[in-house]
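Chemist: attaching a predicted model along with its sequence, questions to come.
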Amino acid sequence: MTPLGHWYRKTIAMNHDCILFVDFHRDFLETGGRLSIGQKRAETILGEASRLLEAVRANQIEALFIGSEFSPNDRLGNFFRRYSALRGSSGAEIDPRVDVDGFPVFSKATSDAFSNPELLVYLRKGKFTRLAITGVMTEGCVRATANSAIKHGFQVTVISDAVESDTEWKKRFGLWMMRRNGASISNCAQYLTELSNKFPKETMA
C-alpha cells in the first residue's frame, strides 16, 4: 500500500465537487478491528462507497481518501479510541475491500482532516467549492472534518447512508450536529442523481 499523503493522481474534475472518503480503516471496518462498527454496518458503508467510486470513475470527477495515523504517545485519546488506527499498525491500513487505486490519500493525526495543511492546499488548487463527505465515525472524524470544511468556506454535503458509527444513536447525533452547523444531508441515491444531471450523456457509464 502506498504511504498515506504521498499518492496523487492527475485531476480530471469536470465540476467543482470532490468526494472525501474518511477513515475507511481495517480497525473500524473489519469484524475483529479494535473499534469495529460491526459487520452489518461495515457491509452497508462499503457498498455505498463502492457505488460512489463507480460514479466517480464513470463521471471523471474528483475524490480523495483521508486516513488516521494516531500517535502511539496520545495515551488519553488512544484509550477512548481503543488504540485503533495507530500510526504504523495494520489496523490503520485502508480496508482492502476499498479500491483506492489512482486516488490521493491524505493522513491526519487528529479527528479533523484539515489538521493536515496539504489537504486545504490540494482543494484550493483544484478550485473545489463543494465537498461530499463519507466515512467513519459520523460523530467523530466525519463531523470534525465537515465542520472544519464549512469554516474554510466549502459547501458540504454529508451522504447519510455512506457514513457510519458503532451505534445508531451516535450516527444520528453526528448527522444532527452537522446539519445544525450548516451541512446539507443527502443519501447516496439522491447525490448520484444530482451528479448524473451535471454531466453530458456521453460521459455517463
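Modeler: Received the coordinates, thanks.
Chemist: what number of residues are in the vicinity of Leu20?
Modeler: 23 (other CB atoms under 10 Å). Just so you know, the C-beta spots here come from the backbone N, C-alpha and C atoms, and that holds for glycine as well.
Chemist: show me the contacts for it.
Modeler: Applying CB atoms under 8 Å, 6 or more residues apart in numbering, one finds that Leu20 lies in contact with 63-66, 113, 131-135, 145.
Chemist: partner strands of the helix or strand hosting it, with direction?
Modeler: Using DSSP states H and E, Leu20 sits in strand 17-22. Applying DSSP bridges to the sheet, strand 17-22 is found paired with strand 62-68 (parallel), strand 130-136 (parallel).
Chemist: tell me the helix or strand right after the first one.
Modeler: Sequence-wise, the next helix or strand downstream of strand 62-68 (DSSP H and E) is helix 75-80.
Chemist: helix or strand right after the one helix or strand Lys171 maps to?
Modeler: Element membership of Lys171, judged by DSSP H and E, is helix 168-180. Proceeding N to C from helix 168-180, the next assigned helix or strand is strand 184-186, under DSSP H and E.
Chemist: ranges for the helices of this structure?
Modeler: When secondary structure is read from DSSP state H, the chain shows helices at 26-29, 39-59, 75-80, 117-125, 143-151, 168-180, 188-196.
Chemist: mind checking which of those helices is nearest Ala92?
Modeler: Checking these against Ala92 by CB to CB gives helix 26-29 as the closest, at 6.8 Å.
Chemist: follow-up on the earlier one: now distance to Glu93, mean neighbour count and mean pLDDT too, for the strands paired with strand 17-22, in TSV please.
Modeler: As requested, the strands paired with strand 17-22 are arranged in TSV below (distance: least, CB to CB, whole Å; neighbours: other CB atoms under 10 Å; pLDDT from 0 to 100):
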stretch	distance to Glu93	mean neighbour count	mean pLDDT
strand 62-68	8	24	94
strand 130-136	14	25	97
